[in-house]
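> Dropping a prediction and its sequence here:
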Amino acid sequence: MDFSLIAYQLAQLDATPFVLAIVVGGAIGLERQAHGRPAGLRTHILVCLSSTILIHASQSIPANADAGGLVGRIIYDPNRIGAGIVTGIGFLGAAAVIRSGDLVRGITTGACVWAVAVLGVVIGQGRYGLALAATTAMLTVLIAFDWLFGWVTPVIYRRLFVRGAPACLEAVTSDVRALLEESRIKVQDISGKLASGPDPFELVFHVRCRNKLQATAILERVAAVDGVFGAEWTHPLH
């Protein structure tokens with residue numbers, strides 16, 4: 001091993017892209033870490049830094065291609081390395097997405113992992129100004145828009161299970177439906193189960209509404225309807 005060559009290469013190495021990759025990757029990762037996401041500070045730094053290293057190393061290939069006495073035509077396309085990074089990092093972003101019923105978490109974190117890989121490519125190409133501007137824009141989207149979405153009431157889909165006395169089936173169906181529509185909850189479909197004998201019936205109201213945190217109040221009102229034994233909110237099946 002030629003230690004003098006290693007020392008010479010280290011002396012010629014520009015640390016700017018690597019430091020910048022740690023800074024911008026860490027800035028995005030710190031925001032995700034603050035939101036309690038599993039792909040946080042270290043993950044984003046490593047993704048951004050690795051992308052930078054690959055692109056930075058690829059820049060020296062043409063200069064060193066003749067060192068080994070190669071004969072023939074060399075076709076070099078550095079864009080392929082960047083395209084491979086951006087495409088290949090998708091597996092890590094997909095691993096951050098978790099779905100439970102209609103609740104999906106991790107999509108923003110997956111997008112951030114992909115975004116810091118792009119930042120690493122840009123930094124490796126020496127476009128530091130673009131990397132800093134892009135990081136500022138990304139942090140603006142993550143922080144400012146998170147505050148903005150707190151004012152938005154999204155549309156949600158739920159199922160309302162109602163159990164009651166068989167003799168009150170029609171009355172309960174009508175009363176509960178009227179109660180939901182009064183609360184501006186749209187009933188999309190009604191299904192259920194009615195057993196022979198004294199066993200209680202089960203009604204399922206498939207509804208769509210704005211998430212105004214009214215589930216508890218609706219349950220109390222439904223449970224107070226004559227003939228109702230109990231009520232329960234659940235996520236829709238997929």
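Arrived safely, thanks for sending. Please read these numbers as outputs of a predicted model, since none were measured by experiment.

> Tell me where this protein has helices.
For the chain, the helices defined by DSSP state H occupy 3-12, 16-34, 41-59, 61-64, 79-88, 90-95, 107-124, 128-149, 169-182, 215-223.

> So Gly192 versus Ala167, what's the distance?
Distance, Gly192 to Ala167, using C-beta to C-beta, to the nearest Å: 15 Å. (C-beta placed from N, C-alpha, C; glycine too.)

> And the two? Which one has more around it.
Neighbours per residue, other C-beta atoms under 10 Å: of Gly192 and Ala167, the larger number sits with Gly192, 14 against 11.

> how near is the more buried one to Pro166?
From Gly192 across to Pro166, the span is 11 Å (C-beta to C-beta).

> do Ala144 as well
55 Å.

> Have a look at the two and say which one is more surrounded.
Comparing Ala144 with Pro166 by other C-beta under 10 Å, the one with more neighbours is Pro166, at 14 against 10.

> For the more buried one, which non-adjacent residue is closest in space?
Computed as C-beta to C-beta, 6 or more residues apart in numbering, the closest residue to Pro166 that is not its neighbour in sequence is Phe201, at 5.5 Å.

> Let me see the confidence value for the one you found.
On the pLDDT scale, Phe201 is placed at 91.

> Could you give the bridge partners of it?
Counting by DSSP bridges, Phe201 is bridged to Gly164.

> pLDDT-wise, which helix or strand of this protein ranks last?
None of the helices or strands of the chain scores lower by mean pLDDT, DSSP states H and E than helix 61-64, at a mean of 53.

> Same list (the helices of the chain) but as TSV, adding distance to Arg158.
Shown next, in TSV, are these (distance: least, C-beta to C-beta, whole Å):
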stretch	distance to Arg158
helix 3-12	60
helix 16-34	29
helix 41-59	34
helix 61-64	56
helix 79-88	38
helix 90-95	27
helix 107-124	21
helix 128-149	20
helix 169-182	11
helix 215-223	8
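
> winner for burial among these?
Compared across the helices of the chain, helix 107-124 shows the largest average neighbour count, a mean of 24 (mean count of other C-beta atoms under 10 Å).
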